[in-house]
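Participant: I'd like to go over a predicted model; first the sequence, then the structure.
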Amino acid sequence: MIVEKLDWLRHAGLQIFSLDIQPDGSRFATAGGDHKVRIWSMTALQSSDQGPSQPRLLATLRDHFGSVNCVRWAKGGHFIASGSDDNLILVHKRHPGSGTTEFGSGEPPDAENWKTLLTLRGHSADVVDLGWSPDDSMIASCSLDNSVRIWSALNGNLISVLMGHTSLVKGVAWDPVGSFLATQSDDKTVIIWHTGNWSMIHRAEGPWEKTVGFTFSRRLAWSPCGHFITTTHGFQEPSHTAPVLERGEWCTSFDFVGHNAPVVAVRYNHSMFRKAPESKKNGGTHDAAGADSAPYNVIAMGSQDCNITVWTTASPRPVFVGKHFFTQSVVDLSWSTDGYTLLCCSLDGTVASFSFEAKELGLKVTDAEMQEFKKTRYGDQNVRGLTLVESASQLILEAAAAKQLATSVGTVEVQSSAAEKAPEVAPQESAATNRKTRVLQQTEYRGADGRRRIIPKPLEQDCKENEAPDGAKGIGYEVFNPPQSSKNVPNAGPRSEGRERLFTFEGDGTGRQGTDTRPKTADVSMTDRLVAGPGGEPPKQASRTPTSKLLIQPASSPGVLTFEIHPSLEAPICLEARPAGTQQKGGTAEANGVVDSSLETDIVCSQGGKILWWDRVKRKATILTGNSNFWAVAGDDNSVQIYTVAGRQALPLLILSSPAAFMDCDKNWSLLLLTGCGSLHMWDIRNSTSILLESVYALLSCYPSSPSEAGQVRVVSARISEVGAPLVVLENHHAFLFHMDLKCWLRIADSFPSSTFCEFSPILTSMRAKAGPTQKKAGSLCVDGTSFNLLKASAHESGSYNNRSQLEAQMGAALALRSAEEYRRCLLAYARCLARDADKSRLRELCEELLGPRQSPGIDESRDPAVSSQWDPSILGMKKRDLLKQDVLPAMASNRAIQRLLSEFVDLLTEIESRVQQGQPEGSSP
């Protein structure tokens, strides 16, 4: 036996937390407190000379931003994964050529070129341990966030999150056969998970109940034969132990006893051994005839008592006890490929090498014998993990699911490329053809947590020709080249929505013209809303007084207001409000006489340069809106005047509690108005009735602490949605729709960057072209240059954001906005999400809701929709059973683990369809 302390191996004098030897035996890696992973040459262990041709340090991986706690090679040896205090798992791969060095470090360039292949984000605390599956297809990681996460090693997607532990999870180990995963936690339990559906099959307790004290890790290990799991941090008076669980019963069979402090790491040798005959103890190959036929396992242990022990399952005493090699706890161990060299690392920042001989450990069992041993005990590993098809319908639906996925992905790609070439423009935006487009230069950096950040830059605008009005700076709108006068506004021709609204600022001598971002809604962009407007206290809340302050600035006119509608096949009709005593010449407002314009305003309605009617009011107009049925003018004296198309006053002057801040109308007779004190009115002008009176202060109950300054939340938009309900947007990018039947607010968009419920972040603005039609219509809200996307189609199709709760919220939002296309897209993504997780209970409930009334043995009639005679066979104009047949069932076919549930509903649907074709009642018995 040869023992060597590798004094030349250092991590800048800091702690070393983990090490691992490459399966081919040519390299080993160490991870330390200097935030780096270092890859070393194994030949340096046998050679004391270090020359240019044989460097000891091959590469340094510097991509982590925290102490690296664990490093593990893939079984194939081509990839290396590391977990760190920055909550990330990085997977590196070697590339041709030599590497680089860190600027200013003084170190020579790396001899090998290792680059980051995958970055796995998801843990919210330090990653302590990780492990590769036997076939290198998955990575399991555990963290101080009490969770275990399973990742795909092919694309980095998150496969499953295991939440069975109630405290810090510090160890993870794969079954060498691939059927189970074992994890150990500070909650003093070991959990066995089934890798088929990631269900918990056993929770082991007992040997760890009396343990006390803190340990850096609890790195348990699975024996190469697959029969034993050696755990850490056990205690049986008066000694610390390493309890061993046996496969199947998952109970403690025996313990390794001998350490004076908690055992924190164990590592089995990759192979099994046999005792060598007397004539072969000095080395040589294995002689089966003369050797003991019973193979045994070899295991090494590291403890907080700074000692190392090596055991065999064939002996009650350790083969080797190493003392005084380290001054601090031993935290990780690794065996070489040949099975006779052991590397150990310690928190004192050193690494030691222990080289054994065949006479000390025995003769190594060959790889062929190991494979035959596993095949005899566990069966052929190539076929045992497969789920066999149980019906022909499963194969048919799998083919349909593959075609469905290919079609959806192809559609997204075509839409994305088309959007890049020619972005879709709504009909009412045809006047924006002269808009100036600029290429945004974004600044990217990495924060201390390792996440990429992009600093958004505002759109630059010409200071001379395109200078925004002083009062309108900060308002998100697009700059256009305005016509010289309202007379010269070209007729846009026939419009599918019947009209188009434009607004113009002329108060500072420079025209400003923009278009509404949605059809059938008015948009009057007013001055910057920075402080609370006068008039009225916010209504008191019966249940809760919000801690945030709602800011609704009453609109104020910067000069001449212009609002246009576009009747079909006619010239635009223009409504203007300008200070009394001014007239329109050459597109600018000029003074004509001495009149106090702050007290009187001229309301002028014209078409094609011909004045249709005019009126003078003794107030300052702040907002204009209208349609082909009526006009509405809001004043700064808390009033609203309603005009007919011909200019008659349809109603007496409406007096509100405070000035209007937002006003909008639909294409019929509905008018919406939000006052500065938060009162939301919605009237039917034709019948002179109130449709709704609500306060927007109820929305503040969702935000006990506002992200805005001084606990303030601003309202930036209030409109009538396409479904005829009020739609309010706050400055924190949350959008709310008032449900007219439920009489409450529904949140249909949020501001969380990780949520697909609404993607507003500047980092994701490049995804706008891929949004669904709701964004381009009622769900699109342009506020401060930011687009509120109700749905992001590409995220659902790729599956990267398939979070069940978010998808359920999106389906509800699509229903509220009556967007059939987006509801179907959400439903498909939701079905795929449930199928991926094998969530049978939710899938059954979803299928039952879509299937509707039926009578079949084995169905719970208490949950049967047939109990209620109000079952509607359609949703948003789509037949529910068609959705089940065309979308949900093919999506379920992607996971064969739920094929029995799939077959059940395929049979039920086929039976119901056959009854319908024969003219029998759907709920009748055959």
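Facilitator: It's in.

Participant: roughly how far apart are Gln404 and Glu848?
Facilitator: Distance of Gln404 to Glu848, given as Cβ to Cβ, to the nearest Å: 22 Å. (C-beta placed from N, C-alpha, C; glycine too.)

Participant: ugh, typo on my part, it should be Gly559
Facilitator: Where Glu848 is concerned, Gly559 sits at a distance of 61 Å (Cβ to Cβ).

Participant: got it, and Ile898?
Facilitator: 15 Å.

Participant: the more surrounded of these two?
Facilitator: Per other Cβ atoms under 10 Å, whichever of Ile898 and Glu848 has more neighbours is Ile898, with 22 against 19.

Participant: the more buried one should be in a helix, yeah?
Facilitator: Yes. Ile898 sits within a helix when classified using DSSP: H, G, I helix; E, B strand; the rest coil.

Participant: name the nearest residue to it, ignoring sequence neighbours.
Facilitator: Spatial nearest neighbour of Ile898, excluding adjacent residues (Cβ to Cβ, 6 or more residues apart in numbering): Ala838 at 5.4 Å.

Participant: likewise Ser874?
Facilitator: Lys880 (6.6 Å).

Participant: now do the contacts for that neighbour.
Facilitator: Applying Cβ atoms under 8 Å, 6 or more residues apart in numbering to Lys880 gives the contacts 849-852, 872-874.

Participant: okay, it: pLDDT?
Facilitator: In this model, Lys880 is scored at 90, pLDDT.

Participant: Lys170 now?
Facilitator: pLDDT, read off for Lys170, is 93.

Participant: check which helix or strand covers it.
Facilitator: Using DSSP states H and E, Lys170 sits within strand 169-174.

Participant: direction included, what does that strand pair up with?
Facilitator: Sheet pairing of strand 169-174 (DSSP bridges) gives strand 180-185 (antiparallel).

Participant: report the next helix or strand after the partner strand in sequence order.
Facilitator: Note on strand 180-185: by DSSP H and E, the next helix or strand toward the C-terminus is strand 190-194.

Participant: okay, the residue nearest to Ser874 and Tyr823: tell me how far apart.
Facilitator: Distance from Lys880 to Tyr823, by Cβ to Cβ: 11 Å.

Participant: and what of Asn260?
Facilitator: Taking Cβ to Cβ, one finds Asn260 at 65 Å from Tyr823.

Participant: now swap in Ala314 and tell me
Facilitator: Distance from Ala314 to Tyr823, by Cβ to Cβ: 64 Å.

Participant: between these two, which one's more packed in?
Facilitator: Ranked by neighbour count (other Cβ under 10 Å), Ala314 and Tyr823 place Tyr823 first, with 24 against 16.

Participant: which positions within the helix or strand harbouring that one qualify as buried?
Facilitator: Applying DSSP H and E as the criterion places Tyr823 in helix 820-836. Across helix 820-836, burial judged by 16 or more other Cβ atoms under 10 Å covers 822-836.

Participant: of those residues, closest to Thr376?
Facilitator: Arg836 (34.4 Å; Cβ to Cβ).

Participant: pretty sure the closest one contacts Ser894?
Facilitator: Yes. Contact criterion Cβ atoms under 8 Å: Arg836 and Ser894 qualify, at 7.2 Å.

Participant: need the three-state assignment for the closest residue to Glu913 other than its chain neighbours.
Facilitator: Closest residue in space to Glu913, ignoring its immediate chain neighbours: Arg881 at 7.9 Å, by Cβ to Cβ, 6+ apart. The local conformation at Arg881, judged by three-state DSSP, is helix.

Participant: what of the one 10 residues further on?
Facilitator: When classified by three-state DSSP, Ala891 comes out as helix.

Participant: what's the burial count for it?
Facilitator: Residues lying near Ala891 (other Cβ under 10 Å) number 26.

Participant: ok, the one 5 residues further on next?
Facilitator: The number of residues packed around Arg896, counting by other Cβ under 10 Å, is 17.

Participant: report the separation between it and Leu828.
Facilitator: Distance of Arg896 to Leu828, computed by Cβ to Cβ: 19 Å.

Participant: my guess is the residue nearest to Glu913 meets Phe905, correct?
Facilitator: No. With contacts counted by Cβ under 8 Å, Arg881 stays clear of Phe905, the gap being 10.6 Å.

Participant: need the residues touching each of those two.
Facilitator: With Cβ under 8 Å, 6+ apart, Arg881 and Phe905 have common neighbours Leu851.

Participant: if you count what's nearby, which of these two comes out ahead?
Facilitator: Phe905 (22 against 18).

Participant: would you mind measuring from that one to Pro134?
Facilitator: Taken as Cβ to Cβ, the span from Phe905 to Pro134 is 35 Å.

Participant: can you find the helix or strand in this structure with the smallest mean pLDDT?
Facilitator: One helix or strand of the chain scores below all others by mean pLDDT, DSSP states H and E: strand 502-505, with a mean of 30.

Participant: isn't Ala816 up against Phe738?
Facilitator: No. Under the criterion of Cβ under 8 Å, Ala816 makes no contact with Phe738, lying 9.7 Å away.

Participant: look at the two and report which has more neighbours.
Facilitator: Phe738 (22 against 19).

Participant: what about the closest residue to Ser628 other than its chain neighbours, which SS state?
Facilitator: Take Ser628 and drop its neighbours on the chain: the residue closest to it by Cβ to Cβ, 6+ apart is Pro567, 6.0 Å away. Here Pro567 is coil, with the state taken from three-state DSSP.

Participant: dihedrals phi and psi, Pro567?
Facilitator: With angles defined as degrees, to the nearest 10, Pro567 sits at phi -70, psi 160.

Participant: next, the angle from the strand holding Lys170 to strand 190-194.
Facilitator: Put simply, strand 169-174 runs at 40 degrees to strand 190-194, going by axes from the mean of the first three to the mean of the last three Cα atoms, to 10 degrees.

Participant: what are the buried residues along strand 169-174?
Facilitator: So for strand 169-174, counting by 16+ other Cβ under 10 Å, buried means 169-174.

Participant: now do stretch 623-643
Facilitator: Within stretch 623-643, the residues scored as buried using 16+ other Cβ under 10 Å are 623-627, 629-636, 638-643.

Participant: on that earlier part again, any idea how far the residue nearest to Ser628 is from Ser903?
Facilitator: 58 Å.

Participant: which ones are touching Ala204?
Facilitator: 189-192, 245, 250-252 are the contacts of Ala204 under Cβ under 8 Å, 6+ apart.

Participant: how about 7 Å then?
Facilitator: For Ala204, the contacting residues are 189-190, 245, 250, by Cβ atoms under 7 Å, 6 or more residues apart in numbering.

Participant: separation between it and Val257?
Facilitator: In this view, Ala204 and Val257 are 18 Å apart by Cβ to Cβ.
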